[in-house]
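Student: here you go, sequence then predicted model.
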2 protein chains.
Amino acid sequence: MARIAGSSGPRTEEAIRRAGLKLIATHGYAAMSLRQLAAEVGIQQGSLYNYFRNKQEFLFDLIRGHMLDLHAALDAALLPEGSAEARLTRFTEFHVAYHVARAQEVFICYSELRSLEPDNLAAVVAMRRDYERKLGDILDHGCATGEFRLADTRMATLAILAMLSGICTWYKPEGRLSREAMQEIFTGMVLALARGETQALARGEGAAEVAVVPSRRRRALQAGVG
Amino acid sequence: MARIAGSSGPRTEEAIRRAGLKLIATHGYAAMSLRQLAAEVGIQQGSLYNYFRNKQEFLFDLIRGHMLDLHAALDAALLPEGSAEARLTRFTEFHVAYHVARAQEVFICYSELRSLEPDNLAAVVAMRRDYERKLGDILDHGCATGEFRLADTRMATLAILAMLSGICTWYKPEGRLSREAMQEIFTGMVLALARGETQALARGEGAAEVAVVPSRRRRALQAGVG
DNA sequence: GTCTATAATCCGATAGAC
DNA sequence: GTCTATCGGATTATAGAC
């Protein structure tokens, strides 16, 4: 990134934000040094402290700002009334659009929670819980009206959010599918999951009991392969 | 962890592995120092180099070993023949069981890919792709036989894997649901998603166009809230 | 195999000139 | 607001005694 000549407050601030998003999304917060960030922006490392008090505050501002945006945008997109199906459709379309448009920020919000200090983490987790509840309420309502058939709405909430949030881990703007196509595909999958009319197959007893912890001997053999 | 007196090769090796899994899962690879790791094991930092050549090799061994275990366990669990529904049921039950039993290792395999150097990353990504293909083949087969109805099997592959893999981000052994209950719930959701007989609702035009990038002014207001 | 000691580098954060 | 310079400490990795 080109060197910015002279004084320029707001421009530098936005450049730092964008560079930080990119570096943290790529390498992670702990692996990003402030010298790296300053070089990407085109300023000296010490100058960064005109824009935050310390590295932790920079991360928290990024994540908190994004969560506020997310909530505001969801509230604007969500229907206050209507059938559960219509509201779930809206929720899914919004979630896909948001994750496509702001994949980096969304990714950081999931992956860098571990890097937040306790107080900052608590604030973000509370906002996250509110967000989950909005989906959970739709699912609960749909089950009450008979539109949805879910064995466990809490698990369904986590499953749907994980499924949709996964988008930000592999989505590329130049990819095969347009935003509209992805919205339609994912809406179809989410609705099918929620309606879930079918019964699970009789489970093959024993299948679930497969060994998931390898023997010490197999581990040793694996090490030898390298 | 208690100090291990005297020489003890294999015991130390396993202790390092377990401590590394815990620390990396909790704080991340970049944030874990070798001094921290050594302290957790109860040895001095320099002694770690009897067990790996450098920090990167330690991470790669952890991830690669886990991927080998995962593949071997899946192959043992998966039915070579049978209906697509039966095979998808087996796949899901296995995936849930594995993620419940080894949540830490699975989590690291997703979250620390970014910390792998290029050659190591390429090796892991190749293994990951093989794994995805095994699910993709089941879905393709099911669509061909008419058991499944999916608009896009590639998206469905990614969606199902994200949904199941999400388990390792929130699962706690002391949680509300047993492994068996989770297997049944998730199998039901995955099968419903794959069968997906229903059509999506007519989409509310305009709903997808909601602003996902806030105005500069709103951002400034948000910053003021703090 | 474990220890102590240390090399060489990098880190976040601060001070003060302009 | 940006720069240069630096402080104090932490980091990975190595060397050599036991």
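Tutor: Okay, I see it. Numbers count the residues shown, from 1 in each chain, chains lettered A, B, ... in the order given.

Student: can you tell me which helix in chain A is longest?
Tutor: Longest helix of chain A, by residue count under DSSP state H: helix A:118-145.

Student: could you give the mean pLDDT of that helix?
Tutor: Averaged across helix A:118-145, pLDDT comes to 97.

Student: so what secondary structure elements neighbour it?
Tutor: With contacts taken as 3 or more C-beta pairs under 8 Å, 6 or more residues apart in numbering or on different chains; DSSP states H and E, helix A:118-145 sits against helix A:55-77, helix A:84-101, helix A:153-165. The way it works is simple: take the backbone N, C-alpha and C, and place the C-beta from them, glycine included.

Student: export the ones you listed to JSON lines and tack on mean neighbour count and distance to residue A:115?
Tutor: JSON lines is the format used below for these (neighbours: other C-beta atoms under 10 Å in any protein chain shown; distance: least, C-beta to C-beta, whole Å):
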{"stretch": "helix A:55-77", "mean neighbour count": "19", "distance to residue A:115": "6"}
{"stretch": "helix A:84-101", "mean neighbour count": "23", "distance to residue A:115": "21"}
{"stretch": "helix A:153-165", "mean neighbour count": "22", "distance to residue A:115": "18"}
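
Student: in JSON lines: those, plus mean pLDDT and distance to chain B.
Tutor: Formatted as JSON lines, the helices and strands packed on helix A:118-145 follow (pLDDT from 0 to 100; distance: least, C-beta to the nearest C-beta, whole Å):
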{"stretch": "helix A:55-77", "mean pLDDT": "97", "distance to chain B": "4"}
{"stretch": "helix A:84-101", "mean pLDDT": "97", "distance to chain B": "4"}
{"stretch": "helix A:153-165", "mean pLDDT": "98", "distance to chain B": "3"}
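
Student: just put these in TSV and tack on distance to DNA strand D.
Tutor: Compiled in TSV, the helices and strands packed on helix A:118-145 are given as follows (distance: least, C-beta to the nearest atom of the strand, whole Å):
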stretch	distance to DNA strand D
helix A:55-77	12
helix A:84-101	28
helix A:153-165	30
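
Student: okay, those in JSON lines with distance to residue A:196 next?
Tutor: What follows is the helices and strands packed on helix A:118-145, written out as JSON lines (distance: least, C-beta to C-beta, whole Å):
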{"stretch": "helix A:55-77", "distance to residue A:196": "24"}
{"stretch": "helix A:84-101", "distance to residue A:196": "12"}
{"stretch": "helix A:153-165", "distance to residue A:196": "9"}
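
Student: quick one: closest of those helices to DNA strand C.
Tutor: Within the helices and strands packed on helix A:118-145, the stretch nearest DNA strand C is helix A:55-77; the backing value is 3.7 Å (C-beta to the nearest atom of the strand).

Student: tell me what angle that closest one forms with helix A:118-145.
Tutor: 20 degrees (axes from the mean of the first three to the mean of the last three C-alpha atoms, to 10 degrees).

Student: just name whatever secondary elements helix A:55-77 is in contact with.
Tutor: helix A:9-27, helix A:84-101, helix A:103-111, helix A:118-145, helix B:216-225.
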